[in-house]
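>>> Sharing a sequence plus its predicted fold:
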Amino acid sequence: MEIYYVVEKFGRYADGVFTVYANDVAYEKQLTTTKSLLECDRYETYEQAKEFADKYDCNVRKVIVKVEE
């Protein structure tokens, strides 16, 4: 199984997007980050991670997870 995560420019991991609303209209969106790989957003496919990374000018990294049966 492969898991992808998004790395923000300064070596932090993306964990979501904070949106500020004004009169029910999205006014501003800001990427939120964490230092912990365990707390960041993860994606099942490279395409999903890449779409998010391109939108917020970040980099995609891959973690290979081995599952024992």
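Done, it's in. Numbering: from 1, shown residues only.
>>> What residues does residue 16 make contact with?
31-32, 41 (CB atoms under 8 Å, 6 or more residues apart in numbering). C-beta here means a position set from N, CA and C on the backbone, and glycine is covered the same way.
>>> ok but it is inside a helix, no?
No: going by DSSP: H, G, I helix; E, B strand; the rest coil, the assignment for residue 16 is strand, not a helix.
>>> partners of it in the sheet?
Counting by DSSP bridges, residue 16 forms beta bridges with residue 32.
>>> how close does it sit to residue 61?
For residue 16, the distance to residue 61 equals 17 Å [CB to CB, to the nearest Å].
>>> In contact with the closest residue to residue 6 other than its chain neighbours, which residues?
Using CB to CB, 6 or more residues apart in numbering and skipping residues adjacent in sequence, the residue nearest residue 6 is residue 14, 4.1 Å away. Counting by CB under 8 Å, 6+ apart, residue 14 touches 5-8, 31-33, 40-41, 52-53, 56, 58.
>>> If we use 6 Å, what do you get?
6, 8, 31, 33, 41, 58 (CB atoms under 6 Å, 6 or more residues apart in numbering).
>>> Got the confidence number for it?
Looking at residue 14, its pLDDT stands at 92.
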